[in-house]
Structure formats: structure tokens, C-alpha cells
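Asker: After the sequence you'll find the predicted model.
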Amino acid sequence: MNKIPRLNRRWSLLPACLALGLMPFAGCSDGRPKRVPVSGRVLIDGRPLEAGFIRMVPRGNRPAEGELDADGRFVLGTFEENDGCVPGKHRVQVVANKNISPTALKWYAPKKYMSTATSGLEIEVVGPRDDVEIHLTWKGSNHDRPFVEHTQAE
């Protein structure tokens, strides 16, 4: 029978022991694109937008979004809640409406902001930020304040 000397057996276990010992440090990256914490607020004509959500859409990467609180504040998340957004240039959309009945929708901001194609909003993220301010306005829209849109029941 071929016996492995005691010293060689110990050395043969070394790679496995090192791999197990380093496993806690391997979890630093989740394999997803780098993200940085981003938060801020959305204002409409200088006042906090009290309802809705914001979405920031980078080129070639997954969008980040966050819900607005009553003070217009948000925290962005890309893959999970509050995990930030990828650095780079982002087109911005703000969807600010709420169903108030099966046939009525209340708009807290003009409809043009709900699409990156029409919002005219862009922001560049180069690192962590907690001071992002997105400014919206009612000027130039068909409405001058929150309004209710009625739809026909099907």
C-alpha cells in the first residue's frame, strides 16, 4: 500500500484550508455593475413633490428608481431597495400620479416628466451623492397645479 507521508498530507490540505479561510472576503462584490449611493429630492416650482417616483436611466445599464416621500425625498435602488445607481449620465423621468378612483387619476406633476424622451431632465453621477435636486415646473403645461384626469370606465 502506498502511504503518503504525514508532512505531505498536511500540505495537500493547505489549498482547501486557504480557500475556506478566504471565503468571507470574497463576498465584497455581487457580480453586478458598480453602484454608488444616491439620494435627494424632487421639487415642483420650488415646493416638494409629494407623491410619485423617480427613475434614472443610464445608457447601457439598468435604471435606478426610488419612491418619493411627502417631502419629495428619494433614495435610489437599482437591483435592490436603496442600493444606489451606476455612475454615469442618466436621463431622468418622474412619474407623479395616483389612482383616486377606478376612473380618476390625480396628477401631481405634468405628464411630460413621465418619459425620458420628453422630460428634458439629465444628471451625471460620478460618485456618492445625497444632495441631488430635480426641479420640475408647471409652466408651459396645460395645467398649473395638480389636477384630476377622468377616464371612461370599460
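Answerer: Great, that's in hand.
Asker: Quick one, grab the pLDDT at the residue nearest the centre of the chain.
Answerer: With distances taken as C-alpha atoms, centre = their mean, Ala64 lies nearest the centre of the chain, 2.5 Å away. The model reports Ala64 with a pLDDT of 97.
Asker: Which helix or strand contains Trp138?
Answerer: Here Trp138, judged by DSSP states H and E, is contained in no helix and no strand.
Asker: if we can go back for a sec, isn't the residue nearest to the centre of the chain right up against Met56?
Answerer: Yes - contact criterion C-beta atoms under 8 Å: Ala64 and Met56 qualify, at 5.0 Å. Placement of C-beta: from N, CA and C, glycine included.
Asker: Name the next helix or strand following the helix-or-strand element of the chain with minimal mean pLDDT along the chain.
Answerer: The weakest-scoring helix or strand in the chain, judged by mean pLDDT, DSSP states H and E, is helix 6-26 (a mean of 49). Going down the chain from helix 6-26, the next helix or strand is strand 38-44, by DSSP H and E.
Asker: Quick one: residues contacting Gln56.
Answerer: Just to correct that, residue 56 is Met rather than Gln. Val38, Pro63, Ala64, Glu65, Leu76, Cys85, His90, Arg91, Val92, Ile123, Val125 (C-beta atoms under 8 Å, 6 or more residues apart in numbering).
Asker: before we move on, back to that, for the closest residue to the residue nearest to the centre of the chain other than its chain neighbours, give me its contacts.
Answerer: Distances taken as C-beta to C-beta, 6 or more residues apart in numbering put Cys85 closest to Ala64, at 3.4 Å, once the chain neighbours are dropped. Cys85 is in contact with Arg35, Val36, Val38, Met56, Pro58, Ala64, Leu76, Thr78, Val125, counting by C-beta under 8 Å, 6+ apart.
Asker: try 10 Å
Answerer: 33, 35-38, 55-58, 61-66, 76-78, 123, 125, 129, 132 (C-beta atoms under 10 Å, 6 or more residues apart in numbering).
Asker: who's it bridged to?
Answerer: On the basis of DSSP bridges, Cys85 is bridged to Val36.
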